[in-house]
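Colleague: Below is the structure, and that's it, no one-letter string:
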């Protein structure tokens, strides 16, 4: 089953690298929001003691909404291009889910590698526990990709437009967003990794629960 | 009018009237509260309880629909979700009224308020999804899938978010609601109110399912 | 003490609201019953 | 593959009622009827992608009944609402579908197949997006027979195809007639001629 999922992932990557539609959408959205935020707020207007929390919240708002502007494409383009039926006949649902989930995860990681360093520089956000931050980002991306992928599968079969994806994903992901902001703030404030541990535990359990639900629900959503 | 069901309904009518009177006269004024404001708890808590109960019924009906694909189960899920949304709106309104009296502002990001608000968004999104799917069998399976996802995130909303306390102003507010020590008479009224509201919910629920059943029979009747 | 009287008003309004809701539900129930028997 | 009393209703609109039939190797079944009479819906139901509102579809292979999802991998389907990936080339598409079905992708075999459906070798590596609709249809035909399907469901296979393309489809039907159950949904007289049996659907 893994090789089938890798085939799906490979197809998504080649397709995306050639058309670069999702990459552009997410990258440009993040960049424009970041520059707007950096220009408007700037690092010095926030009081020192509020900075770790507020900057963590702003970072995740940029990452979160950039993600919602691009993560739905992975299923929506299959329906729009009428390739969904061919894929449905050729591949097993689990392989499709895993392949597309990994693709969304890679998309998120690419977004973070691109935006987070830039954000720290522009907003003068000095993060004491970089290891903790990387952990929060990695596991947070997994949880976010899990929620986004199953919701993308759901809305791709509805006649709604892209906005439906944001309407459905945001409320589901709000608890995750709250925890991610907590974790990022903890990572920023203290160098040792133990500080982010409570947030990581919550993120891992949320990701686990979403993945299990997706594994059960996806075949129902994918096959009529 | 001697039919057992009519009797039950009239009993419910009288029961809740007595609960209302009890809430204002039988129960003593709670200590440590401004005036009589604590009495709202007799309505706020049952509404929140009924909302969660409705979402449980929605989950069960959705899971059953995924197995049976019977449109009546989809109708049950939709009616339960509708009532759940109604009661969570009521719970939010009574909650913020209580906050206005106690803490002077309608909304002060108390973790419980954040959880209810996110719950509202999720089930409002559930109905946005239902609107966006024309084919009624697919509408059933997609909304059932989202209902399961929503239910799976609820524990995180109710348990994780309040424990990791997050608010814009760092000083933690005294959460009076959690710490009321209930006198026995207050507990009696509260329990009576819980029973009454549950009765009201089941009545509204059966009514709406019976209506849906008629609509379905009409639709199937039309094309034989 | 005047403050006690105002609680009567609140209670009265609450009972009236409940009565309205109750009779409306009863009315709906009867109409649904007619539809069911009519099928 | 046998189906009895198959009916399908979309909301209040009934598209199919009481359709029966059997698909067996050696007998090509042609499904005809005006547009909107449910030809494509019937094929979608037989392919297991849509559930029938009434009636049942059973798939038997040497007396063993496969579940709906079990027989999906045994199908070769060509339909107007089914496309191949435009950002990939014809060869990449076939390689992708072969790996999806768990078998090793051997380029020589795939290129042979592409040529047998009439696609010139120099086209094999260009993205399908740049193909004409006739060439795209040929790639769809190749994708349908790639994995030696036990059932071939062709929904208007010769659409967008010229005379040469039509003969390619005819050759495929002849090639699979004996070892696969073949069903063709069409109104094209050239294609109805292939049928040993006909299911006529009324609106």
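Modeller: Received, thanks. In this text, all values refer to a predicted model and were calculated from it rather than measured experimentally.
Colleague: Provide a list of residues in contact with residue D:20.
Modeller: With contact set as CB atoms under 8 Å, 6 or more residues apart in numbering or on different chains, residue D:20 has these partners: D:3, D:4, D:5, D:6. (Glycine included, C-beta is placed from N, CA and C.)
Colleague: host element of the second one?
Modeller: When secondary structure is defined using DSSP states H and E, the element that contains residue D:4 is strand D:2-10.
Colleague: Could you list the buried residues of that strand?
Modeller: By 16 or more other CB atoms under 10 Å in any protein chain shown, the buried positions in strand D:2-10 come out as D:3, D:6, D:7, D:8, D:9.
Colleague: of all those, which comes closest to chain C?
Modeller: The closest of the buried residues of strand D:2-10 to chain C turns out to be residue D:9 (CB to the nearest CB; 19.9 Å).
Colleague: all helices for chain C, in order.
Modeller: Along chain C, counting by DSSP state H, helices occupy C:2-38.
Colleague: Show me which residues of chain B sit near chain C.
Modeller: Proximity of chain B to chain C, by CB under 8 Å from any CB of the partner chain, involves residues B:9, B:12-13, B:16-17, B:20-21, B:23-25, B:35-36, B:203-204, B:207, B:210-211, B:214, B:217.
Colleague: For chain C, which residue gets nearest to chain B?
Modeller: residue C:11 (3.9 Å).
Colleague: What count of nearby residues applies to that residue?
Modeller: Using other CB atoms under 10 Å in any protein chain shown, residue C:11 has 17 neighbouring residues.
Colleague: Contact partners for it?
Modeller: Residue C:11 touches B:20, B:21, B:23, B:24, B:25, counting by CB under 8 Å, 6+ apart.
Colleague: pLDDT wise, what is it at?
Modeller: pLDDT recorded at residue C:11 is 85.
Colleague: how close does it get to residue A:205?
Modeller: 46 Å (CB to CB, to the nearest Å).
Colleague: residue contacts, residue 166?
Modeller: As the question left the chain open, I've gone with chain A. If you count contacts by CB under 8 Å, 6+ apart, residue A:166 has them with A:65, A:68, A:69.
Colleague: To clarify, I was referring to chain D.
Modeller: D:158, D:190, D:191.
Colleague: Could you pick out which of those residues are located in helices?
Modeller: Secondary structure defined by DSSP H assigns D:190, D:191 of the contacts of residue D:166 to helices.
Colleague: Tabulate the contacts of residue D:166 (CSV), appending neighbour count and pLDDT.
Modeller: Formatted as CSV, those follow (neighbours: other CB atoms under 10 Å in any protein chain shown; pLDDT from 0 to 100):
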residue, neighbour count, pLDDT
D:158, 23, 84
D:190, 13, 82
D:191, 22, 83
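Colleague: Tell me the one among the contacts of residue D:166 nearest to residue A:143.
Modeller: Nearest to residue A:143 among those is residue D:158, at 49.2 Å by CB to CB.
Colleague: where in the chain is pLDDT low?
Modeller: Looking at chain A here, since you left the chain open. Chain A contains residues with pLDDT under 70 at A:42-44, A:160-161.
Colleague: switch to chain D, that's the one I care about
Modeller: Low-confidence segments of chain D, defined by pLDDT under 70: D:203.
Colleague: which residue is nearest the middle of it?
Modeller: residue D:77 (2.6 Å; CA atoms, centre = their mean).
Colleague: can you check chain C too?
Modeller: residue C:19 (2.3 Å).
Colleague: Report whether the helix ranked longest in chain A contacts chain B.
Modeller: Secondary structure of chain A per DSSP H: the longest helix is helix A:93-122. No - judged by CB under 8 Å from any CB, helix A:93-122 makes no contact with chain B; its nearest approach is 12.5 Å.
Colleague: Mind giving me the packing neighbours of that helix?
Modeller: If contacts are counted by 3 or more CB pairs under 8 Å, 6 or more residues apart in numbering or on different chains; DSSP states H and E, helix A:93-122 sits against helix A:2-19, helix A:21-40, helix A:51-68, helix A:73-80, helix A:130-156, helix A:197-222.
Colleague: I'd like the ones you listed as CSV, with distance to residue D:103 and mean neighbour count appended.
Modeller: Formatted as CSV, the helices and strands packed on helix A:93-122 follow (distance: least, CB to CB, whole Å; neighbours: other CB atoms under 10 Å in any protein chain shown):
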stretch, distance to residue D:103, mean neighbour count
helix A:2-19, 11, 18
helix A:21-40, 30, 16
helix A:51-68, 36, 22
helix A:73-80, 23, 21
helix A:130-156, 26, 24
helix A:197-222, 22, 19
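Colleague: for those, which one sits closest to residue A:189?
Modeller: Comparing those by CB to CB, helix A:51-68 comes nearest, at 5.0 Å.
Colleague: what does the closest one contact?
Modeller: Contacts of helix A:51-68 with the rest of the structure, by CB under 8 Å, 6+ apart, involve A:26-27, A:29-30, A:33-34, A:37, A:41, A:43, A:46, A:107-108, A:111-112, A:115-116, A:119, A:123, A:125, A:144, A:148, A:165-166, A:169-170, A:173, A:177, A:180-181, A:184-185, A:188-189.
Colleague: ok, now with 7 Å
Modeller: Residues outside helix A:51-68 that contact it (CB atoms under 7 Å, 6 or more residues apart in numbering or on different chains): A:26, A:29-30, A:33-34, A:37, A:46, A:108, A:111-112, A:115, A:119, A:123, A:125, A:144, A:148, A:165-166, A:169-170, A:177, A:180-181, A:184-185, A:188-189.
Colleague: Over to stretch D:63-79?
Modeller: With contact meaning CB under 7 Å, 6+ apart, stretch D:63-79 is reached by A:89, A:223, D:40, D:43, D:47-48, D:58-59, D:101, D:140-141, D:144-145, D:149-155, D:157.
Colleague: the helices in chain B, which residues?
Modeller: Using DSSP H, helices in chain B cover B:4-21, B:41-68, B:71-103, B:111-131, B:136-155, B:161-163, B:184-223.
Colleague: hey, least reliable of those helices by pLDDT?
Modeller: helix B:161-163 (a mean of 63).
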